[in-house]
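[1] coordinates only, no sequence provided:
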């Protein structure tokens, strides 16, 4: 709990389970090594823990650095969230309208909005380009993200050093690309 990832307003390690606050309206949760994201029953997104890439989406100081949070805090501007996922440096959220939103690092195009990869940290959620009717999202520990459309097509973007985007190459993608099937046709 040295980064506040337990969400109990401390940074003291615990060896037994603890309740986060007194609320009982959490419907989904996702965690990485140092941070946690969760959805409440009202569709709001809450985050806590390490924030070195602004992956909590809720705070930055006057120097542009994002502060860790040892208690759950809401991500402003996002509602209607139905599914969440995270990389080591990003948070990704699926809204009930089928759009996908990302915030945090963009070193390999993880924002999926066509912007050039950079080392800036992006606090504000950004809508991923050219994705609609999404029904499922997924992420890796590394820096690539995936989305599945209602029609069954899978799209990927971000880091691709090992070919994990399914394109037959190792080029990163700054916007979603359809994962190719065995015949190279997306099926």
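    All right, it came through fine. These numbers come from a predicted model, not from an experiment.

[2] partner strands of whichever strand in the chain runs longest, with direction?
    For the chain, the strand that runs over the most residues, judged by DSSP state E, is strand 118-127. Next to strand 118-127 in the sheet, as set by DSSP bridges, lie strand 100-106 (antiparallel).

[3] check which element follows the lowest-mean-pLDDT helix or strand in the chain along the chain.
    Lowest by mean pLDDT, DSSP states H and E among the helices and strands of the chain is strand 118-127, with a mean of 87. With elements assigned by DSSP states H and E, the helix or strand that comes after strand 118-127 is strand 134-139.

[4] packing partners of the next helix or strand after that next one?
    Downstream of strand 134-139, the next assigned helix or strand under DSSP H and E is strand 144-149. Other elements packing on strand 144-149 under the criterion 3 or more CB pairs under 8 Å, 6 or more residues apart in numbering; DSSP states H and E are strand 90-95, strand 100-106, strand 134-139, strand 154-158. Yep, even glycine has a C-beta here, placed from its N, CA and C like the rest.

[5] now strand 144-149: buried residues?
    144, 145, 146, 147, 148, 149 (16 or more other CB atoms under 10 Å).

[6] identify, from these, the entry nearest to residue 103.
    Using CB to CB, residue 145 is the member of the buried residues of strand 144-149 that lies nearest residue 103, at 11.9 Å.

[7] what residues are bridge-paired with that closest one?
    Under the criterion used (DSSP bridges), residue 145 bridges to residue 139, residue 157.

[8] hang on, it packs against residue 85?
    Yes - if you go by CB atoms under 8 Å, residue 145 and residue 85 touch, sitting 7.1 Å apart.

[9] mind listing the shared neighbours of the two?
    Counting by CB atoms under 8 Å, 6 or more residues apart in numbering, the shared contacts of residue 145 and residue 85 are 92, 137, 138, 139.

[10] and these, which are buried?
    If we count by 16+ other CB under 10 Å, these have these buried: 92, 137, 139.

[11] these into TSV, with extra columns for distance to residue 40 and pLDDT?
    Converted to TSV, those look like this (distance: CB to CB, whole Å; pLDDT from 0 to 100):
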residue	distance to residue 40	pLDDT
92	17	96
137	18	98
139	20	92
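
[12] picking up where we left off before, could you dump the helices and strands packed on strand 144-149 into JSON lines and include distance to residue 54?
    Shown next, in JSON lines, are those (distance: least, CB to CB, whole Å):
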{"stretch": "strand 90-95", "distance to residue 54": "9"}
{"stretch": "strand 100-106", "distance to residue 54": "6"}
{"stretch": "strand 134-139", "distance to residue 54": "16"}
{"stretch": "strand 154-158", "distance to residue 54": "16"}
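
[13] now for those, which one comes closest to residue 24?
    strand 90-95 (21.7 Å).

[14] and that closest one, which strands flank it?
    strand 81-86 (antiparallel), strand 100-106 (antiparallel).

[15] kind regards, and thank you for your time.
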